[in-house]
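Trainee: got a predicted model here, sequence first, then my questions.
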Amino acid sequence: MSSDTNTWKMIHAERARVADMLEGLTPEQWAAPSLVKGWSVHLAAAHMMKSGEQTTPMFMTGMLKSGFRFNVMIDRDVHEVGKLASPEIISRLRARTTTTNKPPAPTMAMLGEVVVHGYDIRFPLGITDDSAEEARLACLEMFKASNFPIPSKKRIAGLRLNATDSTWSSGAGPEVNGPVQSLLLAMTGRPAGLAALSGEGVALLKGRIAGS
C-alpha cells in the first residue's frame with residue numbers, strides 16, 4: 001500500500017470520527033469558542049468541511065481573489081461557509097470520507113488539518129480525543145518538519161520533544177515532555193497545549209507561541 005493510500009485512509013477515518021462527534025453537540029456547544037482565536041466551534045467545523053472540498057483550481061482562484069494572502073482567503077472562506085446550518089456541515093464533511101481531492105499541498109497536510117482542528121473543537125468542550133494513534137503520530141512527524149502554513153518546525157527548533165503516552169521523540173536540546181495531543185497543540189501554536197507539558201524547554205516554547 002502506498003504512503004498516500006494509507007494517509008487517505010487515516011484522513012477518511014478521522015473525518016468520520018469528527019462528523020460523529022459533531023452530531024452529538026448541542027446548539028450551545030456549536031456556539032462555544034474553539035481553540036482558534038475568533039472562531040466558534042461552528043466556524044471550525046465549517047472550515048474543516050471547506051478544506052475537505054478544496055481542489056487546486058478552487059484554491060488558486062481563492063488565492064487570486066485574496067491577493068495571494070493565505071490567511072485572508074481562509075478568513076473569507078470560513079465566514080462564508082460558516083453561514084451554513086450545522087446538519088449541512090456534517091453532511092458535507094461526511095461526503096469527504098471517500099474522496100481524495102485536495103489543494104496543492106501534500107496529502108499529509110490534509111491529515112494534520114482534520115486531526116488538529118478536531119482538537120480545536122474537542123479540547124475546549126472537554127470531549128475525549130478518539131483520534132487514532134497512527135494518525136496522531138503521523139501528524140507529529142509532519143509538523144516537526146513543516147513551516148507552512150504553520151511554523152511548527154521553527155517553533156520547536158533546538159528542543160527535545162518526548163511523548164509521555166507514546167515512544168515518539170524528536171529533536172535535541174531542552175526537553176518538552178507531555179502527551180501527544182498536548183505536543184501537537186503546542187507545535188501548532190495552541191497555548192492550551194502547554195498546561196500538560198513539563199521540562200526545561202517549556203518556557204522557551206511558551207515564549208515562541210506567545211510571539212507568533
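Mentor: Yep, it's here.

Trainee: can you map out the helices along this protein?
Mentor: Under the criterion DSSP state H, the chain contains helices at 3-23, 27-31, 41-53, 56-65, 70-81, 86-94, 107-125, 133-143, 152-155, 180-187, 202-210.

Trainee: going by neighbour count, list what's buried in the second one.
Mentor: It stands for helix 27-31. 29-30 (16 or more other C-beta atoms under 10 Å). C-beta: built from backbone N, CA, C; applies to glycine.

Trainee: name the helices or strands packed onto that helix?
Mentor: With contacts defined as 3 or more C-beta pairs under 8 Å, 6 or more residues apart in numbering; DSSP states H and E, the packing partners of helix 27-31 are helix 41-53.

Trainee: same question for the fifth one.
Mentor: Taking 3+ C-beta pairs under 8 Å, 6+ apart as contact, the helices and strands that helix 70-81 lies on are helix 41-53, helix 56-65.

Trainee: ranking the ones you listed by burial, who's on top?
Mentor: helix 41-53 (a mean of 24; mean count of other C-beta atoms under 10 Å).

Trainee: surely Asn101 and Ser51 touch.
Mentor: No: under the criterion of C-beta atoms under 8 Å, Asn101 makes no contact with Ser51, lying 10.5 Å away.

Trainee: now the helices and strands packed on helix 70-81 as a markdown table including distance to Thr167?
Mentor: Below are these laid out as a markdown table (distance: least, C-beta to C-beta, whole Å):
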| stretch | distance to Thr167 |
| --- | --- |
| helix 41-53 | 29 |
| helix 56-65 | 36 |
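
Trainee: nearest to Ala210, of the ones you listed?
Mentor: Checking those against Ala210 by C-beta to C-beta gives helix 41-53 as the closest, at 21.7 Å.

Trainee: can you tell me what sits against the closest one?
Mentor: For helix 41-53, contacts defined as C-beta atoms under 8 Å, 6 or more residues apart in numbering pick out 15, 18, 22, 25, 29-36, 39, 74, 77-79, 81-82, 84, 86, 89-90, 92-93, 96, 99, 101, 103, 110, 113-114, 117-118, 120-121, 124-125.

Trainee: any idea how the protein splits into domains?
Mentor: 3-131, 134-210 (automatic domain parsing).

Trainee: restricting the selection to alpha carbons, write stretch 76-87 to PDB.
Mentor: Extracted C-alpha coordinates of stretch 76-87, given in PDB (Å, rounded to 0.1, in the frame of the first residue of the first chain):
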ATOM      1  CA  ARG A  76     -13.100  34.900   4.000                       C
ATOM      2  CA  ASP A  77     -14.000  31.300   3.200                       C
ATOM      3  CA  VAL A  78     -14.700  30.300   6.800                       C
ATOM      4  CA  HIS A  79     -17.200  33.200   7.300                       C
ATOM      5  CA  GLU A  80     -18.900  32.300   4.000                       C
ATOM      6  CA  VAL A  81     -19.400  28.600   4.800                       C
ATOM      7  CA  GLY A  82     -20.000  29.400   8.500                       C
ATOM      8  CA  LYS A  83     -23.400  30.600   7.400                       C
ATOM      9  CA  LEU A  84     -24.400  27.000   6.700                       C
ATOM     10  CA  ALA A  85     -26.600  25.100   9.200                       C
ATOM     11  CA  SER A  86     -24.800  22.500  11.300                       C
ATOM     12  CA  PRO A  87     -26.600  19.500   9.700                       C
END
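
Trainee: list the buried ones in that stretch?
Mentor: So, applying 16+ other C-beta under 10 Å, buried residues of stretch 76-87: 77-78, 81-82, 84, 86.
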